[in-house]
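Asks: Next come a sequence and a model predicted from it.
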Amino acid sequence: MRTLTLFVVLGPWLLAQEPSAPVPLCNGKDLTGWHGQRHFDPYKLAALSPEARHRLRAEDDATMAKHWRVESGELVNDGEGAYLTTDRDYGDAVFELDYRTVAKADSGIYLRGSPQVQIWDFTEAGGKWNLGADKGSGGLWNNEKHARFPPVLADKPFGEWNHLRIEIVGERVWVDLNGKRTVDGVVMENYWDRSRPLPATGPLQLQTHGGEIRFRNLTVRELSAAEADAVLMRADAGQFVSAFDGKTFAGWQGATDEYEIVAGALRCKAGKGGILFTEQSYGDLCVRLRFRLPAGGNNGLAIHYPGQGDPAYAGCEVQVLDDSAPQYTKLKPYQFCGSVYGVVPSQRGYLRPVGEWNFEQVTVRGTHFTVELNGTTIVDADIKELESHLQGHAGKNRTEGFFGFCGHNDPVEFRDITIRRL
């Protein structure tokens, strides 16, 4: 196997795309593009009748109009009322804004409708050191499992403007407050339902919480799939090794005649199948790659494959599938894209539209599988004691074997295939 580090694999084709320009979120004159929404569970909101949602929205818009205003191009809130909420939902994006607040105020930025990037009084006089205010603003305060406090105090004194840059890809967040990194690729937990990942899209909300706060220069730059993938691939990039040179089958064995190399990608030939797998065997590993599905496309990632037999039974298969296709309407939960086939269902709603590239990272430690799709964890489970729905799944608990692709007659493509031994 060649030992090209990831920064070589990324190459100019992925990173040289011209980024889109930031778009203002406020016109500087009025609240066009925004509505009011109180702190309210979005799952419960979605379950309301249209009439109930309309009534709630009318109430929140009324309090928004009472407590929010635009003054000299600045969004100003008096500390009360519904949260200012974008009419549009956003997915992977970079948000930038300036804010200025007052002593004892407490606010924050809700991402995808979920709390929050914290803004508050960091002084002892503010009265919230018992809650961690002494550590400053810019953290993911509502996290429970993942880091919630910033590693550095970055707030400016009251009366001065603070600048926030927030980058979100999948469920991972990066925050810079006044040029200091306060969140570095941390998973933002779904406050409303911690059994689910953060939604793939949702509104930006400006929280009101007990003291005047002003915002200005609010912009958003939505990230393309390629830009989002580049963000995800930069983490620990030097620790991954290329498993595919983009030109040849060097380092691979098995069904090399049933796959082809097209524009730097491995592609299963239409109407063909077979198992294409690495020459090297792996124990604990982390695999990163990008895949692209045709309509109804079906393939899979072979994990701990012994070199013969069906990987779904002889080892484990992580499903790669267009599970939105009409022919798959009766799938079992453990057959959806990203699932450990026959064993662990994946969280749905994070696969990009057919024809777009997806980024996937699969980490296996012993029998513990973590599958991240486009920056969101969709599987996190130890399968050792779990029942397989596949009869004769002899290899379910294997901890050593080859990595590969399980062709199922569809021209599914893979590129940027890198592996890290753990």
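Replies: Done, it's in.

Asks: C-alpha only now, for contacts and for neighbours.
Replies: Fine.

Asks: In the protein, which residue is most central in space?
Replies: Note on the chain: the residue nearest the mean C-alpha position is residue 170, at 1.3 Å, using CA atoms, centre = their mean.

Asks: List the contacts of that one.
Replies: Residue 170 sits next to 91, 92, 198, 200, 374, 375, 376 when contact means CA atoms under 8 Å, 6 or more residues apart in numbering.

Asks: Can you add neighbour count and distance to residue 269 and give these back as JSON lines?
Replies: Shown next, in JSON lines, are the contacts of residue 170 (neighbours: other CA atoms under 10 Å; distance: CA to CA, whole Å):
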{"residue": "91", "neighbour count": "19", "distance to residue 269": "33"}
{"residue": "92", "neighbour count": "24", "distance to residue 269": "32"}
{"residue": "198", "neighbour count": "24", "distance to residue 269": "36"}
{"residue": "200", "neighbour count": "21", "distance to residue 269": "32"}
{"residue": "374", "neighbour count": "26", "distance to residue 269": "25"}
{"residue": "375", "neighbour count": "27", "distance to residue 269": "28"}
{"residue": "376", "neighbour count": "24", "distance to residue 269": "29"}
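
Asks: what phi and what psi does the backbone show at the residue lying closest to the residue nearest to the centre of the chain once chain neighbours are set aside?
Replies: The shortest distance from residue 170 to any non-neighbouring residue, by CA to CA, 6 or more residues apart in numbering, is to residue 375 (4.1 Å). Here is the backbone geometry of residue 375 (degrees, to the nearest 10): phi 90, psi 0.

Asks: Now do the contacts for residue 375.
Replies: Residues counted as contacts of residue 375 (CA under 8 Å, 6+ apart) are 169, 170, 171, 172, 232, 359, 360.

Asks: For residue 199, see how far away the nearest residue to the first one once chain neighbours are set aside is.
Replies: Okay, so that is residue 169. In space, and not counting its chain neighbours, residue 169 is closest to residue 92: 4.6 Å by CA to CA, 6+ apart. Here the criterion is CA to CA, to the nearest Å. By it, residue 92 lies 11 Å from residue 199.

Asks: Quick check, residue 252 in contact with residue 278.
Replies: Yes: the criterion here is CA atoms under 8 Å, and residue 252 meets it with residue 278 at 4.4 Å.

Asks: residue with max distance from the center of the chain?
Replies: residue 125 (37.2 Å).

Asks: contacting residues for the closest residue to it other than its chain neighbours?
Replies: Sequence neighbours aside, residue 104 is the residue nearest to residue 125 in space, at 7.7 Å (criterion: CA to CA, 6+ apart). Contacts here follow CA under 8 Å, 6+ apart; on that basis residue 104 touches 120, 121, 125, 126, 127, 210, 211.

Asks: Narrow the residues you listed to those that are buried.
Replies: Buried subset of the contacts of residue 104 (neighbour count, 16 or more other CA atoms under 10 Å): 120, 121, 126, 210, 211.

Asks: Look at the third one and report its pLDDT.
Replies: As predicted, residue 126 sits at a pLDDT of 92.

Asks: Isn't it up against residue 103?
Replies: Yes: Residue 126 lies in contact with residue 103 (CA under 8 Å); the separation is 6.5 Å.

Asks: thinking again about what came up before, just checking, the residue nearest to residue 169 touches residue 166?
Replies: No: counting by CA under 8 Å, residue 92 sits too far from residue 166 to count as a contact (10.6 Å).

Asks: Need the overlap of contacts for those two.
Replies: Counting by CA under 8 Å, 6+ apart, no residue touches both residue 92 and residue 166.

Asks: need the contact list for residue 71.
Replies: By CA under 8 Å, 6+ apart, the contact set of residue 71 is 28, 29.

Asks: next one: residue 401
Replies: With contact taken as CA under 8 Å, 6+ apart, residue 401 is in contact with 281, 282, 283, 303, 304, 305, 306, 307, 315.

Asks: Just give the closest residue to the first one, not the sequence neighbours.
Replies: Ranked by CA to CA, 6+ apart and with sequence neighbours excluded, the top spatial neighbour of residue 281 is residue 402, at 4.5 Å.

Asks: tell me which element that neighbour falls in.
Replies: Assigned by DSSP states H and E, residue 402 belongs to strand 401-408.

Asks: Which positions in stretch 137-148 come out as buried?
Replies: Neighbour counts over stretch 137-148 (16+ other CA under 10 Å) mark 137, 138, 139, 140, 141, 142, 143, 147, 148 as buried.

Asks: just the residues you listed now: which is nearest residue 332?
Replies: When the buried residues of stretch 137-148 are ranked by distance to residue 332 (CA to CA), residue 143 comes first, at 31.7 Å.

Asks: How about that closest one, nearest residue that isn't a chain neighbour?
Replies: Using CA to CA, 6+ apart and skipping the chain neighbours, the partner closest in space to residue 143 is residue 189 (5.7 Å).

Asks: what sits against the one you found?
Replies: By CA under 8 Å, 6+ apart, the contact list for residue 189 reads 142, 143, 144, 145, 146, 171, 197, 198.

Asks: thinking residue 36 is in contact with residue 67, fair?
Replies: No: assessed by CA under 8 Å, residue 36 is found out of contact with residue 67, at 10.3 Å.

Asks: These two: which is more packed in?
Replies: residue 36 (25 against 18; other CA atoms under 10 Å).

Asks: For the more buried one, list each beta-bridge partner.
Replies: Applying DSSP bridges to residue 36 yields these beta-bridge partners: residue 84.

Asks: Let me see the confidence value for it.
Replies: Confidence score, pLDDT, at residue 36: 98.

Asks: what number of residues lie near residue 280?
Replies: For residue 280, the neighbour count with other CA under 10 Å is 13.

Asks: let me redo that: residue 269
Replies: Using other CA under 10 Å: residue 269 sits among 19 other residues.

Asks: With the one 4 residues further on instead?
Replies: For residue 273, the count of nearby residues is 20 (other CA under 10 Å).
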